[in-house]
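*Asks:* Following is a predicted model, sequence given first.
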Amino acid sequence: MGFGFLGIQYESVVTSYDDEKTPLKLTGKKMLPIVEYDNGSAQNESLDIIKAQDPNSVLGWDQLSLHEEQLNTLLDK
């Protein structure tokens, strides 16, 4: 997760490979990883979540627009 690189404290909880119940219970989707917030809400992790936590562009989001199409193609594969 990008949280560690950004210095944001988080706890990583690993579930077993065949655990379908946990992600379905938290987000309604069989998609990992999941970010669970202190208020109890949960969301499947995406680049949008990491980007929102990086307002100073430490991870170089300003470069994303230069290669966005290529990155999306790679992520789709």
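*Replies:* Yep, it's here. Please read all numbers here as calculations on a predicted model, not as lab measurements.
*Asks:* separation between residue 43 and residue 19?
*Replies:* Distance, residue 43 to residue 19, by Cβ to Cβ, to the nearest Å: 18 Å. All C-beta spots, glycine's among them, are computed from the backbone N, C-alpha and C.
*Asks:* Could you do residue 13 as well?
*Replies:* Taking Cβ to Cβ, one finds residue 13 at 11 Å from residue 19.
*Asks:* Please identify which of these two sits among more neighbours.
*Replies:* Comparing residue 13 with residue 19 by other Cβ atoms under 10 Å, the one with more neighbours is residue 19, at 12 against 9.
*Asks:* Quick check, pLDDT for that one.
*Replies:* Listed pLDDT for residue 19 reads 94.
*Asks:* Double-check that it belongs to a strand.
*Replies:* No - applying DSSP: H, G, I helix; E, B strand; the rest coil, one finds residue 19 to be coil, outside a strand.
*Asks:* Could I get the full set of strands for this structure?
*Replies:* Using DSSP state E, the strands of the chain run over residues 34-36, 42-44.
*Asks:* Now the closest residue to residue 5 other than its chain neighbours: phi and psi?
*Replies:* Using Cβ to Cβ, 6 or more residues apart in numbering and skipping the chain neighbours, the partner closest in space to residue 5 is residue 59 (6.9 Å). Phi and psi for residue 59, reported as degrees, to the nearest 10, are phi -90, psi 10.
*Asks:* The most centrally placed residue in the chain and residue 66, how far apart?
*Replies:* By Cα atoms, centre = their mean, the chain has its centre lying nearest to residue 45, at 2.6 Å. Using Cβ to Cβ, we find residue 45 at a distance of 23 Å from residue 66.
*Asks:* Quick one: mean pLDDT over the lengthiest helix in the chain.
*Replies:* If you go by DSSP state H, the chain has its longest helix at helix 64-76. Averaging pLDDT along helix 64-76 yields 82.
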